[in-house]
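*Asks:* Let's see this in three dimensions:
(chains A and B)
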Amino acid sequence: MTNRDLIRAFKLAAQLLELHDENPFKIRAYEGTANALDQLNFQVADMDRTGLPDRTGLSKSAAARVAELLDTGSFDELTRLLAITPPGVVELLNIKGIGPKKIRQLWREAGIESPEQLREAAEQDQISKLKGFGKKTQDLILAALEFTSQSKGKLLFPQAEALATDLQARLREALRTEQVAVAGELRRCLETIETIVLVAATSTPDRGHDALDALEGLAAEPAQCGVYCWRGTTTESGVKVEVHFVTKENFTNQLFLLTGNEAHLTEALPSAMPGQPATLRQVVKKERFYQEEAIYEKVGLQYVVPELREGRGELTLAKEQKIPRLLEDTDLRGSLHNHSNHSDGAHTLRQMAEWLRDHQYQYLGICDHSQAAHYANGLSPERVRQQQQEIDQLNQELAPFRIFKGIECDILSDGALDYTPDVLSSFDFVVTSVHSNLRMDERKATERMLRAIENPYCTMLGHPTGRLLLRREGYPLDFKAIIDACAKHGVIIEINANPWRLDLDWRWVRYALDQGVRLSINPDAHHTDGYADMRYGVLMGRKGMLTPDMTFNALSVEEVAAYFAERKANIKPPLEYKKSLFE
DNA sequence: TGTCTAAAGACACTTGTGGATGCCCACAA
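*Replies:* The predicted structure is shown next:
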């Protein structure tokens, strides 16, 4: 059981207490425990139970509940609360936009006990008639239900990858072959995965079937299966699994056919002569290959890596040998946009810096939350000053490693930044992000963001849409206008590498590059473990053909320092920005 | 629930915002 699981349990208990209208202070206490656990920089499960309160700073009874969770998977109060709540009502807690109080009312007054019943009632216009609800809330509920149902049966890339790796290992063992490969969406590194596709070379597919049928957590769908194909779903997430059994000789051809999307495989080949195969699929149907490179070579194309096989113009570029050398993990020289325990991170500045230094990176950009983000312990100007002093000291000690003074500055509702210019000018760089008022329409959201981009102190745009994949839709934006403005004002755009975000969406990367906008792979790490997410950002960049020379944090520490210094030197504060005319 | 000051009982809520509804609920990390 990870800290995440513990946090989830305490949050659930708090929500259930609220649902049952219990003591508000008790609710607070449970939320407090969840928050306290969130701040820890070690896994509670690894610790000696008797030392829990001392090491975690939790109260005795909270620590006892944590111990109970670790031992039994639940605690008394949580078990009691779950027992008196219909499972469907617990499910309602996952719907964005309605909280425990509204759910209590839906349950007690309208007898709604599941998302399905809620949908029916909303569709029949019954919800809008309840006290405290109206037409808008009803529409919001329907939209949230729709989003939740669309997210069903899908996994984030890392979750799907872990599952696929496990399946791959099991199949390798069962079939006694190394030739088991991941194909499909996962091999193309899509941000969310609906079907996990594997290809296995074997002359005994029945053994593969037996192995898969015997796996716990996997349910076969016999109607969809054949001798050479096993299909089913994972019981926990509902994500589909598809395993294709092929002969050794057909392995490469099948892997190829099961990797590229339909558009990639059926796009007319730029060089096709009459009588020759007209598409990549036809090429592979006609001839047997042992290397994917040979397939492209056969038709005079540059090799196309799997993550580019989306049918978005890559074949035309391949024809002209114009697919660039794509960004790789090892190109990154530093990590910008990370948090420390000054705001809501788990590690100290020193820990965040030393981790990067010890892993051969040259610099850290620290971007704690700005003052408006109270919920995340955002920094007041005074605390900004203290943090910057600490950074100065650390920089002396850790040189040539360098910590850049940054901030994740909230973009307020009207597009203004969250500090006065004199505070903003104290940073080396400023990442601007939206964290509040996420339900704007496209016009308003775009105007708000444009105003932030035009602000001379804005160095970089953070997670542009605010989306949380499978959990929350981002606000709509006119991306073209946003990217054009970034080009005009020299603003870098982040690819937030947190697997929940992956925002800027990779589908806009090429447009940004074409406008000359540089991108930065930012993990938004709140913990040293979070740095590992940079890998997902690199994958998204690659899907958009991001090159090392257009990646801001592929620059060396000297280049980054020079860039920040020059940009700052060019800021001419407008008259009204000055604190006093007599300065 | 948990902590504090005083020995059982008082007192404490990240916070600010927006939006929908009829005065409060949900959300941001």
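*Asks:* Can you name the residues that contact A:T459?
*Replies:* Contacts for A:T459 were tallied using CB atoms under 8 Å, 6 or more residues apart in numbering; they are A:406, A:429-431, A:491-492, A:564, A:567. Using the backbone N, CA and C atoms, a C-beta is placed for each residue, glycine as well.
*Asks:* Hmm, I typed the wrong one, I wanted A:L364.
*Replies:* Under the criterion of CB under 8 Å, 6+ apart, the contact list for A:L364 reads A:334-336, A:338, A:352-353, A:356, A:401-404.
*Asks:* what's the closest of those residues to DNA strand B?
*Replies:* Of all the contacts of A:L364, A:N338 has the smallest distance to DNA strand B: 11.1 Å, by CB to the nearest atom of the strand.
*Asks:* Next, count neighbours for the closest residue to A:R467 other than its chain neighbours.
*Replies:* The shortest distance from A:R467 to any residue other than its chain neighbours is 3.2 Å, reached at A:G474 (CB to CB, 6 or more residues apart in numbering). A:G474 has 18 neighbours, counted by other CB atoms under 10 Å.
*Asks:* do A:L19 as well
*Replies:* Applying other CB under 10 Å, we find 24 residues neighbouring A:L19.
*Asks:* Over to A:S237?
*Replies:* Per other CB under 10 Å, the neighbour tally for A:S237 reads 16.
*Asks:* What pLDDT does the model give it?
*Replies:* Here the pLDDT value assigned to A:S237 is 92.
*Asks:* Can you tell me which of the contacts of A:T459 is closest to A:A278?
*Replies:* The nearest member of the contacts of A:T459 to A:A278, counting by CB to CB, is A:I492 at 41.8 Å.
*Asks:* Could you pull up the residues touching the closest one?
*Replies:* With CB under 8 Å, 6+ apart, A:I492 has these contacts: A:459-461, A:486, A:517-520, A:552.
*Asks:* Out of the contacts of A:L364, which sit inside helices?
*Replies:* Per DSSP state H, helices hold the following members of those: A:352-353, A:356.
*Asks:* Format the residues you listed as TSV; extra columns: neighbour count and pLDDT.
*Replies:* Formatted as TSV, those follow (neighbours: other CB atoms under 10 Å; pLDDT from 0 to 100):
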residue	neighbour count	pLDDT
A:M352	27	97
A:A353	25	98
A:L356	22	98
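*Asks:* near DNA strand B too, which of the contacts of A:L364?
*Replies:* Contacts with DNA strand B are made by none of these, judged by CB under 7 Å from any atom of the strand.
*Asks:* Which secondary structure element of chain A has the lowest mean pLDDT?
*Replies:* In chain A, no helix or strand scores lower on mean pLDDT, DSSP states H and E than helix A:52-56, which sits at a mean of 78.
*Asks:* which parts of that one are buried?
*Replies:* Neighbour counts using 16 or more other CB atoms under 10 Å place A:52-53, A:56 of helix A:52-56 among the buried residues.
*Asks:* Averaged pLDDT, the strand or helix carrying A:N35. What do you get?
*Replies:* For A:N35, the host element (DSSP states H and E) is helix A:24-38. Averaging pLDDT along helix A:24-38 gives 90.
*Asks:* and of the buried residues of helix A:52-56, the nearest to DNA strand B?
*Replies:* Taking CB to the nearest atom of the strand as the measure, DNA strand B lies nearest A:P53 of the buried residues of helix A:52-56, at 8.3 Å.
*Asks:* Walk me through the domains of chain A.
*Replies:* What automatic domain parsing lists as the domains of chain A is A:3-151, A:153-255, A:260-323, A:334-573.
*Asks:* End to end on the shortest one, go ahead and measure it.
*Replies:* Here the two ends of domain A:260-323 are set 17 Å apart, with distance taken as CA to CA, to the nearest Å.
*Asks:* quick one: whichever residue of the stretch 201-350 of chain A sits closest to DNA strand B from A:P421, how far?
*Replies:* Residue of the stretch 201-350 of chain A nearest DNA strand B, by CB to the nearest atom of the strand: A:D344 (5.2 Å). Distance, A:D344 to A:P421, by CB to CB, to the nearest Å: 25 Å.
*Asks:* can you give me how far stretch A:239-255 is from the chain middle?
*Replies:* In terms of CA atoms, centre = their mean, to the nearest Å, the centre of stretch A:239-255 is found 29 Å from the chain centre.
*Asks:* mind listing what the residue nearest to A:Y511 when sequence neighbours are not counted touches?
*Replies:* Nearest non-adjacent residue to A:Y511, counting by CB to CB, 6+ apart: A:I483, 5.9 Å away. By CB under 8 Å, 6+ apart, A:I483 lies in contact with A:493, A:508, A:511-512, A:515, A:517.
*Asks:* dump the residue contacts of A:L258.
*Replies:* Contacts were defined as CB under 8 Å, 6+ apart; by that measure A:L258 touches A:183-184, A:197, A:199, A:244.
*Asks:* Go back to those residues and keep what's next to DNA strand B.
*Replies:* Filtering those for proximity to DNA strand B by CB under 7 Å from any atom of the strand leaves nothing.
*Asks:* Serialize these to a markdown table and add fields for distance to A:Y303, neighbour count and secondary structure.
*Replies:* Shown next, in a markdown table, are those (distance: CB to CB, whole Å; neighbours: other CB atoms under 10 Å; DSSP: H, G, I helix; E, B strand; the rest coil):
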| residue | distance to A:Y303 | neighbour count | secondary structure |
| --- | --- | --- | --- |
| A:A183 | 17 | 23 | strand |
| A:G184 | 19 | 24 | helix |
| A:V197 | 21 | 21 | strand |
| A:V199 | 19 | 27 | strand |
| A:H244 | 23 | 25 | strand |
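*Asks:* follow-up on the earlier one: tell me, how many neighbours does the residue of the stretch 201-350 of chain A closest to DNA strand B end up with?
*Replies:* Neighbour count for A:D344, taken as other CB under 10 Å: 18.
*Asks:* so it makes contact with A:H369?
*Replies:* Yes: counting by CB atoms under 8 Å, A:D344 sits close enough to A:H369 to count as a contact (6.4 Å).
*Asks:* Next, show the common contact partners of those two.
*Replies:* Shared contacts of A:D344 and A:H369, defined by CB under 8 Å, 6+ apart, comprise A:376-377.
*Asks:* follow-up on the earlier one: could you list the buried residues of the helix holding A:N35?
*Replies:* For helix A:24-38, by 16+ other CB under 10 Å, it's A:27, A:29-31, A:33-34, A:36-38.
*Asks:* and of those, the nearest to A:E161?
*Replies:* When these are compared for distance to A:E161 (CB to CB), A:D38 comes out closest, at 24.7 Å.
*Asks:* right, and the closest one touches A:N3 too?
*Replies:* Yes: assessed by CB under 8 Å, A:D38 is found in contact with A:N3 at 7.5 Å.
*Asks:* contacting residues around the residue in chain A that DNA strand B sits nearest to?
*Replies:* Per CB to the nearest atom of the strand, A:G134 is where chain A lies closest to DNA strand B, at 1.6 Å. Listed by CB under 8 Å, 6+ apart, the contact set of A:G134 reads A:S128.
*Asks:* Let's see the pLDDT reported for it.
*Replies:* pLDDT, read off for A:G134, is 89.
*Asks:* How about the backbone phi and psi for it?
*Replies:* Main-chain torsions, A:G134, degrees, to the nearest 10: phi -150, psi -170.
*Asks:* quick one on the thing from earlier: list only those of the contacts of A:I492 flagged as buried.
*Replies:* Using 16+ other CB under 10 Å, the buried ones in the contacts of A:I492 are A:459-461, A:486, A:517-520, A:552.
*Asks:* Nearest to A:Q168, out of the residues you listed: which one, please.
*Replies:* Checking the buried ones among the contacts of A:I492 one by one against A:Q168 (CB to CB), the nearest turns out to be A:L519, at 31.4 Å.
*Asks:* and that closest one, what are its bridge partners?
*Replies:* Beta bridges link A:L519 to A:I493, A:T551 when assigned by DSSP bridges.
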